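Undergrad: This is a predicted model, with the sequence first.
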Amino acid sequence: MTDRSPSPDKRARYRKIEVRMWSDEKFRELSPLPPCGQGLWLFLLTGPQTGPIPGLFRTGRAALADELNWTVEAFDEAFAEAFRLGLVKADWKAKVVWIPNAIKCNRPESANVIKSWRNEWDLIPECDLKREAFDHLKASLGAASEAYEKAFVETCRKPSPKPSVKPSSKASPFSSDNQEQEQLYSVAKATGVPPPDSSVGMTAQEAVWALGVPLLTAAGQAEKSARQLLGKWVKGYGAEAVQATIVRCAQQQAVEPVSWIIAALGVPSPRPQAPLVNGEWWVRAGFDGRWDAENVGCTEANAHLWRECRPTRAIQGVYVEPWPEGEHV
């Protein structure tokens, strides 16, 4: 039997990290990782939830967020970053997480190591993501050694085929099969977000970040401002409501997504006001109405720092990007 294992790349540099590091008392006394994509990526690769099978393990969103001492909302935002880049996939209903490229950095040292995966493999719930992982691992191990591939096929039982369902011309990556989720999949492609694999179950929270950020930035919002807006809406109205609103906004090609989404979320319209005059503070700041100004953090006290609906410098509690220094001052 031929071993096709490639010779080590002298340029590659690897370091081993002890999984117990995450539970070490001194390590846990250090400043915690702030919610971010890079921090989540390091944790997913090396955290205590990982098992003997490179990149494949069983856990849920809440458990991962709790381990990191993050809110679930902060975790979802960080996960969406890695998800959009194709670094990680998850089926949260089955509680399965899959990191496709983990096998490249954690190749088994022998066929006997692969044979030790049996019990762990059987504990992974059957789902589309497990079927995808099986095919990927089989191909990766086969490219390295026929003995590795043989050991994997004999040890890890191939998941049963997906039960037949009503035929559909388009596969949906979302956990729900309702019409709105199917529409969301179409919007994902329209906004330039790479359509994820059909095995991935995307939550409403993840959909908000994956679709809302590109939609708002395409409309002229700075990415930081877009994220702050979305976070504020999710906190106030819930992820599912914001997700559905983003879908309708994109489908109707709203000219001003920010104002459209605010209205569609059911925010009460401001009470009729007396005719505006040039002396009123929100007019001087560039807004048509008081409600428009206060909605983005412009108040009578700080209105003197605003020009054309944007502050001339950063203001605490305001999520609108300021004008670059020297402009509109």
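TA: Here it is on my side, so go on.
Undergrad: In the chain, which helix is the longest?
TA: If you go by DSSP state H, the chain has its longest helix at helix 128-144.
Undergrad: Just the C-alphas of that one, formatted as CSV.
TA: What follows is helix 128-144, C-alpha atoms only, in CSV (Å, rounded to 0.1, in the frame of the first residue of the first chain):
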residue,chain,number,x,y,z
ASP,A,128,-26.0,17.4,7.0
LEU,A,129,-23.0,18.9,8.6
LYS,A,130,-21.7,15.6,9.8
ARG,A,131,-22.2,14.2,6.3
GLU,A,132,-20.2,17.1,4.9
ALA,A,133,-17.5,16.5,7.5
PHE,A,134,-17.3,12.8,6.6
ASP,A,135,-16.7,13.5,2.9
HIS,A,136,-14.1,16.3,3.7
LEU,A,137,-12.1,14.2,6.2
LYS,A,138,-12.2,11.2,3.9
ALA,A,139,-10.8,13.2,1.0
SER,A,140,-8.2,15.0,3.2
LEU,A,141,-6.9,11.8,4.8
GLY,A,142,-6.9,10.0,1.5
ALA,A,143,-4.7,12.7,-0.1
ALA,A,144,-2.2,12.0,2.7
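Undergrad: List the buried residues for it?
TA: Across helix 128-144, burial judged by 16 or more other C-beta atoms under 10 Å covers 128-134, 136-138, 140-142, 144. Using the backbone N, CA and C atoms, a C-beta is placed for each residue, glycine as well.
Undergrad: again, but for stretch 241-251
TA: Result for stretch 241-251 [16+ other C-beta under 10 Å]: buried residues 241-247, 249-250.
Undergrad: so after the longest helix of the chain, what's the next helix or strand?
TA: Next along the chain after helix 128-144, taking DSSP states H and E as the criterion, comes helix 146-155.
Undergrad: which helices and strands does that next one pack with?
TA: In this structure, helix 146-155 makes packing contacts with helix 111-115, helix 128-144, judged by 3 or more C-beta pairs under 8 Å, 6 or more residues apart in numbering; DSSP states H and E.
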